[in-house]
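Participant: got a sequence here, can you build the structure:
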Amino acid sequence: MRDIEMFRLDGRQAIITGGAGMLGFEFAKTLSAAGANVILVDIKDTCVEKAAQLRKEYGTKAIGIPTDVSNKKSVQNMVNQVLREFNTIDILINNAACQPEGFSDPIEKYSLKVWNKVFSVNITGMFICAQIVGKQMIKQRKGVIVNISSIYGIVSPDPKVYENWEYKSPLSYSTTKSAVLNFTRHLATFWADKGIRVNTLTLGGVFAGQNPDFVKKYCEKTPLNRMAEKDDYNGAILFLVSDASAYMTGSNLIVDGGWTAK
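Facilitator: Residues are numbered from 1 along each chain as shown. Take a look at the predicted model:
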């Protein structure tokens, strides 16, 4: 298969964690347009309303399931509901992340409670979802998992970019996003013979009305001289979850406007 049909997802079921968020919902629209039935998983119950939007716009069987990805029972209940509705799970996009109060505090004042909360969602939640969904994919002998990382999992934030903004990208974020990379490689290696492909999608910063000084400095460090728009990653996610990437596993696809090339 070497034509545009390799990007189609007709009849496939895709779970997207953090599905009610800005990027998660962009991913959901892209997969829905390609024919997938999308399950929006999010701590926020707005995922139910957003699933209704997908059904109306794309004619899919999209559903929203409020879920705490850091809670194994909550994730198991979600997966059980998905299997009752659809019988199979073909795609898992581990996109959920959190920014609790105190997320941006300096290292020397960083709360252990906040640190643990970030890890509970960004890494432990990813593990729980992969473990439970992976069991179903092993039964099916097929499945695709994409774990979302960040450029700050590869390089350190530049403190100068954040000088005139109260927000600072914290150590907890960089550490968890770095962990995603080897989490992916390990799963890809051990599940390859079970028909499961696992890859990372590493993203650059997305423009969302941030501090103008930050945006200016960020753009100056980026070869394409701009932040990403929220839909700039849709082509990459479709490639990774579709048959177009059938010979790809354990890899890290970096889409960052050239930030990490410098």
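
Participant: so which residues of the chain form strands?
Facilitator: Under the criterion DSSP state E, strands of the chain are mapped to 13-17, 37-42, 63-66, 91-94, 143-150, 196-203, 252-255.

Participant: next one: the last one to chain centre, how far?
Facilitator: Its chain's C-alpha centre and that of strand 252-255 lie 12 Å apart, by CA atoms, centre = their mean, to the nearest Å.

Participant: which strands or helices does that strand pack on?
Facilitator: Applying 3 or more CB pairs under 8 Å, 6 or more residues apart in numbering; DSSP states H and E, one finds that strand 252-255 contacts strand 196-203, helix 234-241. (Each C-beta comes from the backbone N, C-alpha and C, glycine too.)

Participant: can you list the strands that the first one pairs with?
Facilitator: Spelled out, that is strand 196-203. strand 143-150 (parallel), strand 252-255 (parallel) (DSSP bridges).

Participant: returning to that earlier point: of the helices and strands packed on strand 252-255, which stretch is the most buried?
Facilitator: strand 196-203 (a mean of 25; mean count of other CB atoms under 10 Å).

Participant: which parts of the stretch 151-262 of the chain are helices?
Facilitator: If DSSP state H, counting those that start in this stretch is used as the criterion, the helices of the stretch 151-262 of the chain fall at 171-191, 212-220, 234-241.

Participant: with mean pLDDT and distance to Thr189 as added columns, please give the helices and strands packed on strand 252-255 in TSV.
Facilitator: Compiled in TSV, these are given as follows (pLDDT from 0 to 100; distance: least, CB to CB, whole Å):
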stretch	mean pLDDT	distance to Thr189
strand 196-203	98	9
helix 234-241	98	17
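
Participant: need these in CSV with distance to Lys139, can you?
Facilitator: Putting the helices and strands packed on strand 252-255 into CSV (distance: least, CB to CB, whole Å) gives the following:
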stretch, distance to Lys139
strand 196-203, 11
helix 234-241, 19
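
Participant: cool, thanks, signing off.
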